[in-house]
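Colleague: got a predicted model here, sequence first, then my questions.
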Amino acid sequence: MQYVILKKVNFDDFITALAAQEKVVGPVARGYDNFSFQEVKSGKEISIKYIPTILPPKKYFMPQREKLIEFDKSQNKFEAVLEYDKVVIFGIHTCDLAGIQCLNMVFSDKPKDINYLVRKNKLLIIGLECNVYCDQYASCKVVDNHLPNGGYDLFFTELPDSFIVHVNTLRGDELIEKTRLFNPAEKIHLDQLEEVRKKKREIFKDEVKIGHHELSKLFDRAYDSKVWEDLDKRCVACGNCTNVCPSCYCFDILDNMNFDFNTGDRSRGWDSCQNEPFAKVATGENFRKTRGARQRHRYFRKFKYPVERYSRYFCTGCGRCTRTCMAKISLKETINALVDEQK
Amino acid sequence: MSKPKVAFFDFACCEGCQLQMANFGEVLLDILNLVDIVTFREVMSEKSEIYDIAIIEGSITTAHDTERIKNIRAKAKVVIAYGSCATIGGINGMKNKFDLEEIKKYVYRDGAKQIETLPTRAVHQVVKVDYFINCCPVYPPEILKVLKCVIAGIPYAVPDYAVCVECKLNENVCMYDKGITCLGPVTKAGCNSWCINNGNICYGCRGMVTNPAKNGQLDILARHKIPLDWITNKLDMYNKPRELDEQK
Amino acid sequence: MNKSRNVKVNVEYLTRVEGHGNIVVNVKDGKLEDCRLDIIEPPRFFEGMLRGRSIFEAQHITSRICGICACGHSLASIQAGEDALGFVASEQTIRLRKLLLHQEILDSHILHIYLLAAPDLLGVKSFVPLIDTHNKVVRRALRMKKNCNNICDILVGRHVHPISAIVGGFTKLPKEKDLDTMLDILKSMQPDMDATIELLATLKFPDFQRPTEYVALVNDTDEYPLLSGEIGSTDGLKLNKKDYLKLTNEFMVPLSSAKHTKASRSSYMVGALARLNLNFNKLNLKAKKAADLLQFKPVCTNPYLNTVAQAIESVHCLEESITLIEHFKANGLKQEEAIVVGLNEKGTIPVRAGKGVGAVEVPRGILFHDYEIDKDGKIINANCIIPTGQNLGNVEDDMRKLVPEILDKSDEEITLMMEMLVRAYDPCISCSTHFLDVKFTNR
Amino acid sequence: MKTLKLTDSEYLVKQGKIIRAKQMTKLEKFFEIALAGGESLDHEPGQFVMVSIPGVGEAPLSISSSPTKRGSFEIVARSVGKVTSALHKLDTGDTIGVRGPFGKGFPVQILEGNDLLVVAAGLGLVPLRSLINFVIDNRRDFGKVNILLGCKTPEDMLFGDEVESWRKRIDVNFDYTVDRCSDSDWKGNIGLITSLIPGVTIDPERTFAAVIGPPVMYKYVIIELLKKNIPERQILVSLERHMKCGIGKCGHCQIQNYYCCKDGPVFTYEQIKSKKEAL
Ligand SMILES: Cc1cc2nc3c(=O)[nH]c(=O)nc-3n(C[C@H](O)[C@H](O)[C@H](O)COP(=O)(O)OP(=O)(O)OC[C@H]3O[C@@H](n4cnc5c(N)ncnc54)[C@H](O)[C@@H]3O)c2cc1C
Ligand code: SF4
Ligand code: SF4
Ligand code: SF4
């Protein structure tokens, strides 16, 4: 385990050097306080101070549309394929690192999803610490994701005139070696890092009326809550909340036939439990017919079901669902409403 | 398997959806490998009364056209409603907001007497439709998708969720964040949020989702201080004939 | 003239034109009794429907008047809207609009030359048989069409019903790499364009002359006027666009009771031929060369040669598009000019009551949009005058002169000549139903 | 973009050849399928396969034949949408893709030595036929066997000949019913399937009930079974959900914390009775 230092003046060179060899993506400003991960060629394009991007970096781990199978009917041939890019992802916040860990769990659960697992190893992950709270929507502290918790190759923390970088993997180390822009961290840097973390513990507050460990219990008794009826009236089922969520992974499987009517492919694409047809079966029954029931399902998939299966919350606290909701349904307000109700 | 015979017919429309076929470029030749186009007045002088698949562009607005579409339905094995005018009434439906006599007089003055017109209807409001290709104009990737389904003889379901879904996947900055109202939340997806990708708003040309959230929408409007009639007016742009369904 | 000749031409649902029209010709004992181009398109009431809508929606709606010249309608509508609002578009916006208009004309002309007109000249009924006999030509046509389309996709989202061109400017601007892509596409089209001219040079058009009044936009600069200018004619007419009604003043046609437009004579012609007859000298060099090759000289009075005029204009438009993009590449595009408008919820564009007229040369000729708006920007009155509507009188006058000249031909030949004549105008019939005073025949 | 071939993908399909196909009713078609290379499917009664038609898609379909039948397996598809209607166009000799078997079927080891009450309504007979034939083929290993069938009209009755053979067996108690009937030759009852349950005599302690039918049916059948004092963990149901992956990832089939495809489709009533989204 080691820490190295990159001077801020060298940051641009670092990204430029990386981009000269590999595809590098990072958070880029899109205006109106929106950001998205995009390919970058230089450090100048990157917004170091950004709030969670429109889509989380999950789009690189689990592409929106991903080929699984190629077939040729005339040959009776089916082949499982993986299409991938080698990508260096720069600037993943701790909440999104947690999101990736959630996906890792789901896809390595048996039976394993080999597409996900192989692709994941083609991606190099560079984390970036948030020194301050993103905005009023974030709730990373609630779920304990405001401090780094592994899941990266390198992790950057901004100090007054440099970045202190935690080197977590061999691959990360190779990258540091290659660029030759890093120096070993000195005590002063480690002190500064400690200072940053100390401050964070002060400013990052729970912001909901319930503690981390109580949360799942809250949901033990929340199924029949009136809160879902309120959400039923407000939700417009636009599907934004699930599409932007770093730990949502539902998908659809879609076939495509080429015009020769012999060759084609089978791929998977993101799907959303908020969409009306998602749980509808051929006999016409829809097991989560109301928007309220679908919202409840979403919350339960963050705070209850995964706790039973994977012993962790699947909400990373990134705040995206609240930020993007057309109806401004707020995750924190919903939790607080449940707490109030159960008082 | 012999190639299915395809006929194009146009009713009240701008013929832009037919033009989308020509806009395929050389891919059009691939399509022509799979089907025989036997009638396509806009680009062909050949005609045939025998066809398997009728592709209908335009809405039904006259008694004559009502008869014509019924005839086509009787002859065709498969009827495809093609474009907003045909699938939901589309832009022609704005007319239904007005008194028909009044609007006739406004546009044709003295000539109004000679003009015959009925409230605008979508094709499925007159005859049974087997496939819907929504959008104004039709979205080329969706045309191909549906044509493949037609040829394979399997159904095609228009996505019944909001344009927002695709819009988010395209990582557009939401129009509401920009302070502008957009019909994305109530409009059926399938166009890959075409308009928003190009910086404009969604006008709802694919028709409303089956079960739009009325309450939720009103909330949103209130929060953005948007008068209701702005949105209803916008919805009327393509979706006015939907009322004829609701009355049924 | 053949005194005993009887001819009955009755073309129902004329093919390979945009929209529904019938041709009726009746010659009895060598005497022309009836000669009409009837419009049988179901009426769509655009002007009526526009009332009460925001001026910021006008472009979106009127674009749907016609799928073939949607960009043209958009541009005329935007011009009229901005005129009414008193909004002056930036120089960059005007340049981009010119690029769009050039692509619109190019796209439409290619469609007409190859898919609608060429089959007649090659003796077939549509491009479909040509796939076997002239595969290269068909592929070239589809490729050129697709290229124009791809450019419009980049520029305004799509060619049919452009998305990003609105009152005030553009909601999305091409990026550096988009400019490169467009330039590559345009350059790759140059050899195809040369081949198009060569092909046309080999085709034989009917020889028929009838001088008429040719109307198009004119200006005092060196620029071939398409997006702006005054109304001018070969009879010396000069009008501000605001006075367009003086040009299009309607009159009753005795035979058919349809109202047509006229300027100085019984009818006038608009479109590529009219534009060349008025502004030939302003064409760029390559277009003039193409004209040489095609032996085209203004003033040309053969309406069949409108197709040739279109080919010459296509060359012009292609070259001008390249120049425009090279300008952007050299001077950069100011991305900050991209606007967010919607229904103008944010008041991005100041609104006032007013009247405005747009006059734009679209593929088929001069197009007028005219709006009156109230203080909230709601449309009170609207009027759209479409090129094909203006040409109707002229087509019928042509027919009336032509029929007696070809009475020695067979019925089939006469019918074909008539169809070709109408097609030469590249009429856009569903458009013209929005023209105030087209007569609809009973069906 | 680079492409890798994956040999161990869960999405890879096996080739299945249709060796027999038969239209059963207007909507239902029967297929017997042999896997390439004589590979056996190795399934349990109650499991399902993902059947796919390249270019059209995949659909979960129950395995209708008993595991005791070797060398091939059988499915029945009701034409309701894309895959199923395309499947209906196929015939003997055509190939399809097969993934699976998936899911938890009926726990036959636990059932052994006990009595069985099979309640099948409509298409529910398709998966239950696998269990019934398995039990009949291993009749010695089971106690008393009751079979109750129900469907809309006699014409909708699937596997008519086979059903008749069960009816005639002396080692099973058999009864069936239809909702409506215009056929005077009909030997069974008329009425809902729930009406048959009170009439059967069972020893609730040692009876396991296996119930499959349309979603609306479960609630009422279970009420009747509970009235018979069958313990909740001895009532087995199979649930239908929208499914895309079959391996517990895609989320479509989720019933609260269960994935129907992986934790089911066969559940005990005890497992799901408190799951509001289940029945
Ligand atoms: C465990 C299990 C066993 C089944 N066994 C059988 C069987 O033996 N025979 C049989 O005919 N059917 C069976 N079904 C139902 C069958 O899977 C669906 O009817 C089929 O998937 C529909 O696919 P499609 O492509 O034809 O329809 P689509 O065109 O995809 O859709 C038509 C309708 O079916 C619904 N639907 C789509 N996919 C599914 C799905 N995977 N599951 C349920 N509904 C869906 C859609 O919401 C839509 O309403 C079973 C389902 C499950 C979950
Ligand atoms: S539920 Fe909301 S806050 Fe939690 S991870 Fe998903 S998008 Fe982020
Ligand atoms: S821009 Fe429109 S379509 Fe896109 S997310 Fe916002 S509301 Fe939905
Ligand atoms: S974004 Fe809306 S208006 Fe635009 S094409 Fe899609 S559905 Fe139609």
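Modeller: Alright, I've got the coordinates. Ligands and ions are numbered 1, 2, ... in the order given.
Colleague: since we're on residue D:263, how many residues are nearby?
Modeller: 18 (other Cβ atoms under 10 Å in any protein chain shown). All C-beta atoms are positioned from the backbone trio N, CA, C, and that covers glycine.
Colleague: can you tell me the SS state at residue D:150?
Modeller: Three-state assignment for residue D:150 (DSSP: H, G, I helix; E, B strand; the rest coil): strand.
Colleague: for it, which non-adjacent residue is closest in space?
Modeller: Nearest residue to residue D:150, sequence neighbours excluded (Cβ to Cβ, 6 or more residues apart in numbering or on different chains): residue D:193, at 3.2 Å.
Colleague: tell me the confidence at the one you found?
Modeller: Residue D:193 is assigned 85 on the pLDDT scale.
Colleague: what about the chain, any weak spots by pLDDT?
Modeller: Reading this off chain A. Scanning chain A with the threshold set as pLDDT under 70 gives A:1.
Colleague: switch to chain B, please.
Modeller: Looking at chain B by pLDDT under 70, you get B:1, B:110-111, B:247-248.
Colleague: count the residues that sit near the closest residue to ligand 3 within it.
Modeller: Closest contact between chain B and ligand 3, by Cβ to the nearest ligand atom, is at residue B:184 (2.0 Å). Counted by other Cβ under 10 Å, the residues lying close to residue B:184 total 28.
Colleague: one step back: what residues are up against the residue nearest to residue D:150?
Modeller: D:119, D:121, D:148-150, D:177, D:213, D:217, D:221 (Cβ atoms under 8 Å, 6 or more residues apart in numbering or on different chains).
Colleague: measure it to ligand 2 for me?
Modeller: 43 Å (Cβ to the nearest ligand atom, to the nearest Å).
Colleague: repeat for residue A:274
Modeller: From residue A:274 across to ligand 2, the span is 12 Å (Cβ to the nearest ligand atom).
Colleague: hey, what's the closest residue to residue D:6 other than its chain neighbours bridged with?
Modeller: Once flanking residues are discounted, residue D:6 sits nearest to residue A:80: 4.2 Å by Cβ to Cβ, 6+ apart. Per DSSP bridges, residues listed as beta-bridge partners of residue A:80: residue A:69, residue D:6.
Colleague: is it true that residue A:80 touches residue A:66?
Modeller: No: the pair residue A:80 / residue A:66 is not scored as a contact, 11.9 Å apart, by Cβ atoms under 8 Å.
Colleague: who's more crowded, those two?
Modeller: Remark: of residue A:80 and residue A:66, residue A:80 carries more neighbours, 21 against 18, as counted by other Cβ under 10 Å.
Colleague: so where do the strands sit in chain B?
Modeller: Secondary structure of chain B by DSSP state E: the strands cover B:5-10, B:36-40, B:53-57, B:78-82, B:131-133.
Colleague: and the stretch 301-443 of chain C, by the same measure?
Modeller: Here the stretch 301-443 of chain C has its strands, by DSSP state E, counting those that start in this stretch, at C:354-362, C:365-373, C:379-385.
Colleague: same check on chain A?
Modeller: Assigned by DSSP E, chain A shows strands spanning A:2-7, A:23-31, A:34-39, A:65-72, A:77-84, A:87-92, A:123-128, A:154-158, A:162-167, A:183-184, A:251-257, A:263-270.
Colleague: so residue D:135 sits against residue D:144, correct?
Modeller: No: in this structure, residue D:135 is not within contact of residue D:144 by Cβ under 8 Å, at 10.9 Å.
Colleague: between those two, which has more neighbouring residues?
Modeller: Ranked by neighbour count (other Cβ under 10 Å), residue D:135 and residue D:144 place residue D:135 first, with 25 against 17.
Colleague: give me the secondary structure label for the more buried one.
Modeller: Counting by three-state DSSP, the backbone at residue D:135 sits in helix.
Colleague: gap between stretch B:83-96 and the chain center?
Modeller: Mean-position distance between stretch B:83-96 and its chain equals 7 Å (Cα atoms, centre = their mean, to the nearest Å).
Colleague: straight-line length of that stretch, end to end?
Modeller: End-to-end distance for stretch B:83-96, by Cα to Cα, to the nearest Å: 19 Å.
Colleague: equivalent analysis for stretch B:155-169, please.
Modeller: 26 Å.
Colleague: determine which stretch of the strands of chain B is the most buried.
Modeller: Highest mean neighbour count among the strands of chain B (mean count of other Cβ atoms under 10 Å in any protein chain shown): strand B:53-57, with a mean of 28.
Colleague: same for that strand, what does it pack against?
Modeller: strand B:5-10, helix B:63-75, strand B:78-82, helix B:84-88 (3 or more Cβ pairs under 8 Å, 6 or more residues apart in numbering or on different chains; DSSP states H and E).
Colleague: nearest to residue C:99, of the ones you listed?
Modeller: Among the helices and strands packed on strand B:53-57, helix B:84-88 comes nearest to residue C:99, with 27.7 Å by Cβ to Cβ.
Colleague: in PDB, list the C-alpha atoms belonging to the closest one.
Modeller: This file holds the C-alpha atoms of helix B:84-88, laid out as PDB (Å, rounded to 0.1, in the frame of the first residue of the first chain):
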ATOM      1  CA  SER B  84     -47.900  10.100 -36.700                       C
ATOM      2  CA  CYS B  85     -50.700  11.100 -39.100                       C
ATOM      3  CA  ALA B  86     -51.700   7.400 -39.600                       C
ATOM      4  CA  THR B  87     -50.900   6.100 -36.100                       C
ATOM      5  CA  ILE B  88     -52.400   8.900 -33.900                       C
END
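Colleague: for that helix, name the packing helices and strands.
Modeller: Going by 3+ Cβ pairs under 8 Å, 6+ apart, helix B:84-88 lies up against strand B:53-57, helix B:228-239.
Colleague: tell me which of these lies nearest to ligand 2.
Modeller: With Cβ to the nearest ligand atom as the criterion, ligand 2 lies closest to helix B:228-239 of the helices and strands packed on helix B:84-88, at 27.2 Å.
Colleague: buried ones in that closest one?
Modeller: B:231, B:233-239 (16 or more other Cβ atoms under 10 Å in any protein chain shown).
Colleague: and those residues as CSV, adding distance to chain C?
Modeller: Rendered in CSV, the data for the buried residues of helix B:228-239 read as follows (distance: Cβ to the nearest Cβ, whole Å):
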residue, distance to chain C
B:231, 9
B:233, 7
B:234, 7
B:235, 12
B:236, 9
B:237, 7
B:238, 10
B:239, 14
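Colleague: in the residues you listed, find the pair that's most separated.
Modeller: B:231 and B:238 (12.9 Å).
Colleague: from what I see, residue D:128 and residue D:120 are in contact.
Modeller: Yes: under the criterion of Cβ under 8 Å, residue D:128 makes contact with residue D:120 at 4.3 Å.
Colleague: now do the shared contacts for the two.
Modeller: Common contacts of residue D:128 and residue D:120, defined by Cβ under 8 Å, 6+ apart, comprise residue D:212.
Colleague: contacting residues around the spatially most central residue of chain B?
Modeller: Centroid check for chain B by Cα atoms, centre = their mean gives residue B:84 as the closest residue, at 1.2 Å. With contact set as Cβ under 8 Å, 6+ apart, residue B:84 has these partners: B:90-91, B:134-136, B:205-207, B:238.
Colleague: who's the closest spatial neighbour of whichever residue of the stretch 151-300 of chain A sits closest to ligand 2, skipping the chain neighbours?
Modeller: Minimum separation of the stretch 151-300 of chain A from ligand 2 (Cβ to the nearest ligand atom) falls at residue A:245, amounting to 3.2 Å. Closest residue to residue A:245 apart from its sequence neighbours, by Cβ to Cβ, 6+ apart: residue A:321 at 5.8 Å.
Colleague: for chain A, tell me whether stretch D:252-261 is touching it.
Modeller: Yes: Stretch D:252-261 lies within reach of chain A by Cβ under 8 Å from any Cβ of the partner chain, at D:252, D:254-257.
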